[in-house]
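**Q** 3D model of this:
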Amino acid sequence: MNDKRRLMLFAVLLLLLLSFAGVQAQDEAAIAAQPCAEPGALTMWVWDENWAQVIGSAIEAWKADYCPGAEVDLQVQPWGQYWDLLKTNVAGGDLPDVFNMSQDRFFFYASNDALLDLQSYYDEAGVDTSLWGSGMIDPYRWGENNDLYAGPVNWDTIAIFYNKDLFDAAGLEYPTAEWTWDEFADYAAKLTDAEADVYGAAVYAEYQAGYPNWIAATGTTPIVEAGRTQCTLTDAGSIEALTYLKDLYDQGYMPSVSIVGGASADDSFNFWLAGKVAMVAGGSWKLPAAIEQATFNWDVVTLPVNPETGRSRSILHSVGYVASARTEVPALAANLILYLVSDEGQKFFADAGGVAPANPAMQEQWIASFGDTNVNIQAFVDATVDSQGVTVFDEIWDKINTELVVNIFDLGMSVEEATQQACEFINTQLPQ
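**A** Numbers count the residues shown, from 1 in each chain. Model prediction:
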(Lines give C-alpha, C1' and ligand atoms only; values in the text may rest on other atoms or scores of the structure.)
Protein backbone atom coordinates (compact mmCIF):
# COMPACT_ATOMS: atom_id res chain seq x y z
CA MET A 1 0.00 0.00 0.00
CA ASN A 2 1.50 3.33 -1.03
CA ASP A 3 1.74 6.34 1.23
CA LYS A 4 -1.13 8.16 -0.48
CA ARG A 5 -3.53 5.25 0.07
CA ARG A 6 -2.37 4.92 3.67
CA LEU A 7 -3.12 8.61 4.27
CA MET A 8 -6.56 8.28 2.66
CA LEU A 9 -7.38 5.20 4.76
CA PHE A 10 -6.16 6.95 7.91
CA ALA A 11 -8.35 9.97 7.14
CA VAL A 12 -11.43 7.78 6.63
CA LEU A 13 -10.78 5.91 9.90
CA LEU A 14 -10.30 9.21 11.73
CA LEU A 15 -13.59 10.55 10.42
CA LEU A 16 -15.37 7.36 11.47
CA LEU A 17 -13.88 7.58 14.96
CA LEU A 18 -14.87 11.22 15.30
CA SER A 19 -18.38 10.47 14.08
CA PHE A 20 -18.68 7.60 16.56
CA ALA A 21 -17.44 9.81 19.37
CA GLY A 22 -19.95 12.47 18.40
CA VAL A 23 -22.80 9.97 18.49
CA GLN A 24 -21.65 8.75 21.89
CA ALA A 25 -21.52 12.34 23.21
CA GLN A 26 -25.02 13.03 21.90
CA ASP A 27 -26.39 9.76 23.32
CA GLU A 28 -24.73 10.17 26.72
CA ALA A 29 -27.48 10.77 29.24
CA ALA A 30 -27.25 12.97 32.30
CA ILE A 31 -29.36 10.34 34.07
CA ALA A 32 -29.76 7.04 32.25
CA ALA A 33 -32.83 4.86 32.70
CA GLN A 34 -32.21 1.27 33.80
CA PRO A 35 -34.14 -1.98 33.20
CA CYS A 36 -35.99 -3.28 36.24
CA ALA A 37 -34.75 -6.48 37.84
CA GLU A 38 -38.23 -7.96 38.07
CA PRO A 39 -41.69 -6.60 37.17
CA GLY A 40 -44.44 -6.27 39.74
CA ALA A 41 -47.38 -4.11 40.80
CA LEU A 42 -47.11 -0.56 42.20
CA THR A 43 -49.54 2.05 43.44
CA MET A 44 -48.71 5.73 42.84
CA TRP A 45 -50.37 8.94 44.04
CA VAL A 46 -50.15 12.43 42.55
CA TRP A 47 -52.18 15.55 43.38
CA ASP A 48 -52.37 17.17 39.95
CA GLU A 49 -54.58 15.93 37.09
CA ASN A 50 -52.29 17.43 34.43
CA TRP A 51 -49.24 15.82 36.02
CA ALA A 52 -51.09 12.52 36.11
CA GLN A 53 -51.46 12.61 32.33
CA VAL A 54 -47.77 13.44 31.81
CA ILE A 55 -46.56 10.90 34.36
CA GLY A 56 -48.98 8.31 32.99
CA SER A 57 -47.42 8.62 29.53
CA ALA A 58 -43.95 8.29 31.06
CA ILE A 59 -45.01 5.19 32.99
CA GLU A 60 -46.30 3.55 29.82
CA ALA A 61 -42.90 4.13 28.18
CA TRP A 62 -41.14 2.71 31.26
CA LYS A 63 -43.28 -0.43 31.14
CA ALA A 64 -42.71 -0.89 27.42
CA ASP A 65 -38.98 -0.23 27.29
CA TYR A 66 -37.60 -1.08 30.73
CA CYS A 67 -40.07 -3.15 32.74
CA PRO A 68 -42.44 -5.25 30.60
CA GLY A 69 -45.11 -6.89 32.70
CA ALA A 70 -45.09 -4.20 35.41
CA GLU A 71 -48.37 -2.66 36.55
CA VAL A 72 -48.89 0.82 38.03
CA ASP A 73 -52.16 1.96 39.57
CA LEU A 74 -51.79 5.76 39.15
CA GLN A 75 -54.28 7.69 41.27
CA VAL A 76 -55.04 11.41 41.54
CA GLN A 77 -55.81 12.57 45.07
CA PRO A 78 -56.90 16.24 44.91
CA TRP A 79 -54.62 18.71 46.71
CA GLY A 80 -57.30 19.52 49.28
CA GLN A 81 -57.23 15.98 50.67
CA TYR A 82 -53.85 14.66 49.44
CA TRP A 83 -51.82 15.49 52.55
CA ASP A 84 -54.54 14.50 55.02
CA LEU A 85 -54.81 11.09 53.34
CA LEU A 86 -51.04 10.62 53.37
CA LYS A 87 -50.75 11.54 57.06
CA THR A 88 -53.56 9.14 57.91
CA ASN A 89 -51.83 6.41 55.92
CA VAL A 90 -48.51 7.07 57.66
CA ALA A 91 -50.19 6.29 60.97
CA GLY A 92 -51.85 3.20 59.51
CA GLY A 93 -48.76 2.00 57.66
CA ASP A 94 -50.51 1.82 54.30
CA LEU A 95 -48.86 4.40 52.04
CA PRO A 96 -48.82 4.10 48.24
CA ASP A 97 -45.61 2.59 46.89
CA VAL A 98 -44.62 5.82 45.10
CA PHE A 99 -46.00 9.33 45.60
CA ASN A 100 -45.27 13.00 45.04
CA MET A 101 -43.63 14.98 47.83
CA SER A 102 -43.10 18.68 48.49
CA GLN A 103 -39.95 20.02 50.15
CA ASP A 104 -41.89 21.81 52.87
CA ARG A 105 -43.67 18.55 53.83
CA PHE A 106 -40.70 16.15 53.64
CA PHE A 107 -39.59 16.48 57.28
CA PHE A 108 -42.74 14.90 58.70
CA TYR A 109 -42.43 11.76 56.57
CA ALA A 110 -38.67 11.39 56.98
CA SER A 111 -38.81 11.88 60.74
CA ASN A 112 -41.52 9.22 60.96
CA ASP A 113 -39.40 6.70 59.03
CA ALA A 114 -42.06 6.57 56.30
CA LEU A 115 -39.79 6.92 53.26
CA LEU A 116 -37.47 4.60 51.36
CA ASP A 117 -33.79 5.61 51.28
CA LEU A 118 -33.00 5.89 47.55
CA GLN A 119 -29.27 6.59 47.87
CA SER A 120 -28.08 3.03 47.26
CA TYR A 121 -30.22 2.79 44.12
CA TYR A 122 -28.77 6.02 42.76
CA ASP A 123 -25.27 4.79 43.57
CA GLU A 124 -25.87 1.45 41.85
CA ALA A 125 -27.16 3.25 38.73
CA GLY A 126 -24.13 5.57 38.73
CA VAL A 127 -26.21 8.74 39.17
CA ASP A 128 -24.22 11.80 40.22
CA THR A 129 -26.86 13.42 42.42
CA SER A 130 -24.92 16.68 42.58
CA LEU A 131 -25.98 17.43 39.01
CA TRP A 132 -29.37 18.51 40.32
CA GLY A 133 -27.97 21.44 42.30
CA SER A 134 -28.18 22.03 46.03
CA GLY A 135 -31.61 23.62 46.21
CA MET A 136 -33.37 20.77 44.44
CA ILE A 137 -32.14 17.93 46.61
CA ASP A 138 -30.70 19.17 49.92
CA PRO A 139 -34.15 19.39 51.57
CA TYR A 140 -34.70 15.76 50.54
CA ARG A 141 -31.59 14.47 52.31
CA TRP A 142 -31.91 12.72 55.64
CA GLY A 143 -30.04 10.67 58.23
CA GLU A 144 -26.48 10.42 59.48
CA ASN A 145 -25.12 9.86 55.97
CA ASN A 146 -27.20 12.65 54.40
CA ASP A 147 -28.75 10.16 51.98
CA LEU A 148 -31.14 11.25 49.26
CA TYR A 149 -34.73 10.08 49.74
CA ALA A 150 -36.38 11.63 46.66
CA GLY A 151 -36.04 12.15 42.94
CA PRO A 152 -36.80 15.75 41.92
CA VAL A 153 -39.63 16.18 39.42
CA ASN A 154 -39.54 19.89 38.67
CA TRP A 155 -38.46 23.21 40.12
CA ASP A 156 -39.24 26.87 40.37
CA THR A 157 -36.96 29.60 41.61
CA ILE A 158 -36.45 33.35 41.83
CA ALA A 159 -34.86 36.10 39.73
CA ILE A 160 -35.28 39.85 39.31
CA PHE A 161 -37.83 41.03 36.76
CA TYR A 162 -36.93 44.56 35.66
CA ASN A 163 -38.62 47.27 33.60
CA LYS A 164 -36.22 48.14 30.77
CA ASP A 165 -38.20 51.26 29.85
CA LEU A 166 -37.62 52.71 33.32
CA PHE A 167 -33.92 51.85 33.10
CA ASP A 168 -33.75 53.57 29.71
CA ALA A 169 -35.54 56.67 31.01
CA ALA A 170 -33.04 56.89 33.89
CA GLY A 171 -30.10 56.41 31.51
CA LEU A 172 -28.96 53.23 33.27
CA GLU A 173 -27.22 50.16 31.88
CA TYR A 174 -29.13 46.94 32.34
CA PRO A 175 -27.97 44.72 35.23
CA THR A 176 -25.86 41.63 34.61
CA ALA A 177 -25.32 38.38 36.48
CA GLU A 178 -22.25 39.90 38.14
CA TRP A 179 -24.08 42.78 39.83
CA THR A 180 -23.77 43.19 43.59
CA TRP A 181 -25.95 44.28 46.50
CA ASP A 182 -24.28 47.70 46.34
CA GLU A 183 -25.17 48.07 42.68
CA PHE A 184 -28.71 46.92 43.33
CA ALA A 185 -29.10 49.60 46.00
CA ASP A 186 -27.68 52.21 43.61
CA TYR A 187 -30.15 51.14 40.91
CA ALA A 188 -33.03 51.26 43.41
CA ALA A 189 -32.12 54.82 44.36
CA LYS A 190 -31.75 56.08 40.80
CA LEU A 191 -34.93 54.36 39.58
CA THR A 192 -37.10 55.81 42.33
CA ASP A 193 -39.19 58.75 41.14
CA ALA A 194 -41.23 60.13 44.02
CA GLU A 195 -43.11 62.62 41.84
CA ALA A 196 -44.32 59.84 39.55
CA ASP A 197 -44.96 57.45 42.49
CA VAL A 198 -42.52 54.97 41.00
CA TYR A 199 -40.26 52.93 43.28
CA GLY A 200 -36.90 51.38 42.50
CA ALA A 201 -37.55 47.93 43.93
CA ALA A 202 -39.97 45.59 45.72
CA VAL A 203 -38.13 42.47 46.83
CA TYR A 204 -39.10 41.67 50.41
CA ALA A 205 -42.55 40.05 50.10
CA GLU A 206 -43.21 36.50 51.20
CA TYR A 207 -40.98 33.48 51.78
CA GLN A 208 -39.90 32.22 48.38
CA ALA A 209 -39.86 35.42 46.33
CA GLY A 210 -38.83 37.76 49.13
CA TYR A 211 -36.37 38.43 51.91
CA PRO A 212 -35.15 34.80 52.44
CA ASN A 213 -33.25 34.96 49.12
CA TRP A 214 -31.12 37.73 50.57
CA ILE A 215 -30.58 35.81 53.81
CA ALA A 216 -29.48 32.74 51.83
CA ALA A 217 -26.86 34.82 49.99
CA THR A 218 -25.12 35.49 53.32
CA GLY A 219 -24.64 31.74 53.80
CA THR A 220 -27.34 31.51 56.46
CA THR A 221 -30.19 29.03 56.05
CA PRO A 222 -33.33 31.18 56.04
CA ILE A 223 -35.92 30.95 58.82
CA VAL A 224 -34.98 27.60 60.36
CA GLU A 225 -31.87 25.45 60.32
CA ALA A 226 -32.10 22.51 57.91
CA GLY A 227 -32.57 19.99 60.71
CA ARG A 228 -35.28 22.15 62.29
CA THR A 229 -33.36 22.54 65.50
CA GLN A 230 -33.62 26.32 65.80
CA CYS A 231 -34.92 29.53 64.29
CA THR A 232 -32.22 31.37 62.31
CA LEU A 233 -33.92 34.75 61.88
CA THR A 234 -31.86 36.24 64.69
CA ASP A 235 -28.56 34.93 63.27
CA ALA A 236 -26.05 37.48 61.98
CA GLY A 237 -26.68 36.69 58.31
CA SER A 238 -30.42 37.15 58.69
CA ILE A 239 -29.99 40.45 60.50
CA GLU A 240 -27.55 41.63 57.81
CA ALA A 241 -29.92 40.83 54.94
CA LEU A 242 -33.05 42.21 56.57
CA THR A 243 -31.25 45.38 57.65
CA TYR A 244 -30.03 45.88 54.08
CA LEU A 245 -33.59 45.60 52.78
CA LYS A 246 -35.04 47.77 55.54
CA ASP A 247 -32.50 50.50 54.74
CA LEU A 248 -33.79 50.56 51.15
CA TYR A 249 -37.33 50.76 52.49
CA ASP A 250 -36.50 53.49 55.02
CA GLN A 251 -34.88 55.58 52.26
CA GLY A 252 -38.08 55.40 50.23
CA TYR A 253 -36.69 53.17 47.47
CA MET A 254 -39.15 50.36 48.25
CA PRO A 255 -42.91 50.80 48.87
CA SER A 256 -44.65 49.74 52.07
CA VAL A 257 -46.96 46.74 52.24
CA SER A 258 -49.91 49.14 52.41
CA ILE A 259 -48.86 50.95 49.22
CA VAL A 260 -48.28 47.68 47.35
CA GLY A 261 -51.65 46.43 48.49
CA GLY A 262 -50.60 43.34 50.40
CA ALA A 263 -47.72 41.26 51.71
CA SER A 264 -47.83 38.53 49.06
CA ALA A 265 -45.44 38.08 46.16
CA ASP A 266 -48.45 38.34 43.82
CA ASP A 267 -49.17 41.83 45.18
CA SER A 268 -45.60 42.96 44.49
CA PHE A 269 -45.57 41.41 41.02
CA ASN A 270 -48.85 43.08 40.08
CA PHE A 271 -47.39 46.38 41.32
CA TRP A 272 -44.51 45.80 38.87
CA LEU A 273 -46.92 44.93 36.04
CA ALA A 274 -48.67 48.24 36.72
CA GLY A 275 -45.38 50.06 36.07
CA LYS A 276 -45.12 51.31 39.65
CA VAL A 277 -41.81 49.63 40.51
CA ALA A 278 -38.72 49.08 38.38
CA MET A 279 -37.41 45.82 39.88
CA VAL A 280 -39.31 43.02 41.54
CA ALA A 281 -38.26 39.60 42.80
CA GLY A 282 -40.44 37.02 41.07
CA GLY A 283 -40.67 33.31 40.49
CA SER A 284 -40.15 31.42 37.25
CA TRP A 285 -43.86 30.61 37.40
CA LYS A 286 -44.51 34.32 36.69
CA LEU A 287 -42.96 34.17 33.22
CA PRO A 288 -46.25 33.45 31.38
CA ALA A 289 -47.98 36.36 33.16
CA ALA A 290 -45.12 38.74 32.34
CA ILE A 291 -45.06 37.64 28.69
CA GLU A 292 -48.81 38.04 28.33
CA GLN A 293 -49.52 41.10 30.47
CA ALA A 294 -46.50 43.42 30.64
CA THR A 295 -47.10 46.54 28.52
CA PHE A 296 -43.47 47.66 28.69
CA ASN A 297 -40.09 46.25 27.71
CA TRP A 298 -38.69 43.99 30.39
CA ASP A 299 -36.20 41.26 31.14
CA VAL A 300 -34.93 39.09 33.99
CA VAL A 301 -31.56 38.76 35.69
CA THR A 302 -30.25 36.62 38.53
CA LEU A 303 -30.38 38.06 42.05
CA PRO A 304 -27.42 40.32 42.93
CA VAL A 305 -24.32 38.93 44.58
CA ASN A 306 -23.60 39.44 48.27
CA PRO A 307 -20.29 41.39 48.31
CA GLU A 308 -18.88 39.42 51.26
CA THR A 309 -19.79 35.85 50.30
CA GLY A 310 -19.72 36.37 46.53
CA ARG A 311 -22.93 34.37 46.30
CA SER A 312 -26.36 34.89 44.79
CA ARG A 313 -28.72 32.26 46.21
CA SER A 314 -32.34 32.03 45.19
CA ILE A 315 -34.97 30.07 47.07
CA LEU A 316 -35.78 27.00 44.99
CA HIS A 317 -38.72 24.70 45.50
CA SER A 318 -38.82 21.26 43.94
CA VAL A 319 -41.53 18.63 43.97
CA GLY A 320 -40.11 15.13 44.26
CA TYR A 321 -40.96 11.47 43.82
CA VAL A 322 -40.60 9.35 46.96
CA ALA A 323 -41.32 5.73 47.85
CA SER A 324 -42.82 4.20 50.96
CA ALA A 325 -40.40 2.58 53.39
CA ARG A 326 -42.95 -0.21 53.73
CA THR A 327 -43.33 -1.00 50.03
CA GLU A 328 -43.09 -4.71 49.31
CA VAL A 329 -41.22 -3.99 46.07
CA PRO A 330 -38.57 -1.36 46.97
CA ALA A 331 -36.28 -2.10 44.00
CA LEU A 332 -39.19 -1.76 41.57
CA ALA A 333 -40.38 1.50 43.17
CA ALA A 334 -36.84 2.88 43.03
CA ASN A 335 -36.49 1.80 39.40
CA LEU A 336 -39.68 3.64 38.43
CA ILE A 337 -38.47 6.79 40.21
CA LEU A 338 -35.11 6.51 38.46
CA TYR A 339 -36.90 6.34 35.11
CA LEU A 340 -39.15 9.30 35.90
CA VAL A 341 -36.12 11.50 36.73
CA SER A 342 -34.01 10.20 33.84
CA ASP A 343 -33.49 12.04 30.56
CA GLU A 344 -36.12 9.83 28.93
CA GLY A 345 -38.69 10.19 31.71
CA GLN A 346 -38.20 13.92 32.11
CA LYS A 347 -38.66 14.47 28.39
CA PHE A 348 -42.38 13.96 28.93
CA PHE A 349 -42.44 16.94 31.33
CA ALA A 350 -40.26 19.03 29.03
CA ASP A 351 -42.53 18.34 26.05
CA ALA A 352 -45.62 19.24 28.09
CA GLY A 353 -44.27 22.74 28.87
CA GLY A 354 -45.19 24.75 31.97
CA VAL A 355 -43.15 23.63 34.96
CA ALA A 356 -39.39 23.32 34.55
CA PRO A 357 -38.18 19.69 34.54
CA ALA A 358 -35.54 18.95 37.16
CA ASN A 359 -33.18 17.02 34.87
CA PRO A 360 -30.48 19.46 33.63
CA ALA A 361 -30.50 17.85 30.18
CA MET A 362 -34.07 19.11 29.67
CA GLN A 363 -33.52 22.78 30.61
CA GLU A 364 -32.96 24.09 27.09
CA GLN A 365 -36.13 22.40 25.96
CA TRP A 366 -38.04 24.12 28.78
CA ILE A 367 -36.62 27.52 27.77
CA ALA A 368 -37.57 26.86 24.15
CA SER A 369 -41.17 26.13 25.18
CA PHE A 370 -41.71 29.88 25.76
CA GLY A 371 -40.95 30.66 22.12
CA ASP A 372 -38.94 33.60 20.80
CA THR A 373 -39.39 36.04 23.69
CA ASN A 374 -35.95 37.72 23.80
CA VAL A 375 -36.17 37.28 27.58
CA ASN A 376 -33.20 35.94 29.53
CA ILE A 377 -35.07 32.87 30.80
CA GLN A 378 -31.67 31.20 31.21
CA ALA A 379 -31.30 33.34 34.35
CA PHE A 380 -33.69 31.03 36.20
CA VAL A 381 -31.73 27.95 35.12
CA ASP A 382 -28.48 29.61 36.19
CA ALA A 383 -30.04 30.36 39.58
CA THR A 384 -30.60 26.65 40.27
CA VAL A 385 -26.88 25.84 40.48
CA ASP A 386 -26.23 27.46 43.87
CA SER A 387 -29.71 27.71 45.33
CA GLN A 388 -31.41 27.32 48.69
CA GLY A 389 -34.06 24.64 49.01
CA VAL A 390 -37.18 25.08 51.12
CA THR A 391 -36.75 24.26 54.81
CA VAL A 392 -39.89 25.81 56.33
CA PHE A 393 -43.24 24.17 56.96
CA ASP A 394 -46.96 24.88 57.15
CA GLU A 395 -47.31 25.73 60.81
CA ILE A 396 -45.18 28.89 60.51
CA TRP A 397 -46.20 30.21 57.07
CA ASP A 398 -48.42 33.04 58.30
CA LYS A 399 -45.82 34.16 60.81
CA ILE A 400 -43.02 34.46 58.24
CA ASN A 401 -45.01 35.27 55.09
CA THR A 402 -47.20 38.02 56.46
CA GLU A 403 -46.54 39.06 60.05
CA LEU A 404 -42.76 39.48 59.82
CA VAL A 405 -43.05 41.32 56.49
CA VAL A 406 -45.76 43.67 57.76
CA ASN A 407 -43.91 44.37 61.01
CA ILE A 408 -40.72 45.45 59.23
CA PHE A 409 -41.95 46.87 55.93
CA ASP A 410 -45.20 48.50 57.00
CA LEU A 411 -45.30 49.09 60.74
CA GLY A 412 -41.68 50.19 61.01
CA MET A 413 -40.68 47.65 63.66
CA SER A 414 -36.93 47.18 64.02
CA VAL A 415 -35.35 44.15 62.43
CA GLU A 416 -34.10 42.95 65.81
CA GLU A 417 -37.52 43.18 67.47
CA ALA A 418 -39.42 41.66 64.55
CA THR A 419 -37.07 38.68 64.19
CA GLN A 420 -36.98 38.06 67.93
CA GLN A 421 -40.76 38.04 68.04
CA ALA A 422 -40.95 35.67 65.06
CA CYS A 423 -38.37 33.28 66.52
CA GLU A 424 -40.19 33.09 69.86
CA PHE A 425 -43.17 31.62 68.02
CA ILE A 426 -41.21 29.50 65.52
CA ASN A 427 -39.25 27.80 68.29
CA THR A 428 -42.53 26.59 69.83
CA GLN A 429 -43.24 24.74 66.58
CA LEU A 430 -39.87 22.99 66.27
CA PRO A 431 -39.27 19.41 67.45
CA GLN A 432 -38.30 19.41 71.11
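
**Q** please, where are all the strands along the stretch 101-250 of the chain?
**A** Counting by DSSP state E, counting those that start in this stretch, the stretch 101-250 of the chain has these strands, from start to end: 141-142, 147-148, 151-156, 158-163, 199-202.

**Q** could you dump those strands into CSV with mean neighbour count, distance to residue 293 and mean pLDDT added?
**A** All C-beta atoms are positioned from the backbone trio N, CA, C, and that covers glycine. Formatted as CSV, the strands of the stretch 101-250 of the chain follow (neighbours: other Cβ atoms under 10 Å; distance: least, Cβ to Cβ, whole Å; pLDDT from 0 to 100):
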stretch, mean neighbour count, distance to residue 293, mean pLDDT
strand 141-142, 20, 38, 95
strand 147-148, 20, 38, 97
strand 151-156, 26, 19, 94
strand 158-163, 26, 12, 98
strand 199-202, 28, 17, 98
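
**Q** among the ones you listed, which is nearest residue 92?
**A** strand 141-142 (21.9 Å; Cβ to Cβ).

**Q** given that closest one, what are its sheet partners and their directions?
**A** In the sheet, strand 141-142 lines up against strand 147-148 (antiparallel) (DSSP bridges).

**Q** how far off centre is the partner strand?
**A** 18 Å (Cα atoms, centre = their mean, to the nearest Å).

**Q** what does stretch 407-427 give?
**A** 26 Å.

**Q** please apply the same query to stretch 75-87.
**A** Worked out by Cα atoms, centre = their mean, stretch 75-87 lies 22 Å from the chain centre.

**Q** then stretch 186-204?
**A** Counting by Cα atoms, centre = their mean, stretch 186-204 is centred 28 Å from the centre of its parent chain.

**Q** quick check: buried residues in it?
**A** Neighbour counts over stretch 186-204 (16 or more other Cβ atoms under 10 Å) mark 187, 188, 190, 191, 192, 198, 199, 200, 201, 202, 203, 204 as buried.

**Q** make CSV from the residues you listed and add distance to residue 60 to it.
**A** Formatted as CSV, those follow (distance: Cβ to Cβ, whole Å):
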residue, distance to residue 60
187, 50
188, 51
190, 55
191, 51
192, 55
198, 52
199, 51
200, 51
201, 47
202, 45
203, 44
204, 45
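
**Q** show me what secondary structure element comes after the longest strand belonging to the chain.
**A** The longest strand of the chain (DSSP state E) is strand 315-323. Next along the chain after strand 315-323, taking DSSP states H and E as the criterion, comes helix 330-341.

**Q** gap between the helix or strand that that following helix is followed by and the chain center?
**A** Next helix or strand after helix 330-341 toward the C-terminus (DSSP H and E): helix 343-352. Offset of helix 343-352 from its chain centre (Cα atoms, centre = their mean): 17 Å.

**Q** now do helix 343-352: everything it contacts.
**A** Contacting residues not belonging to helix 343-352 are listed as 29-33, 50, 54-55, 57-58, 61-62, 65, 153-154, 339-340, 355, 357-359, 361-362, 365-366, 369 [Cβ atoms under 8 Å, 6 or more residues apart in numbering].
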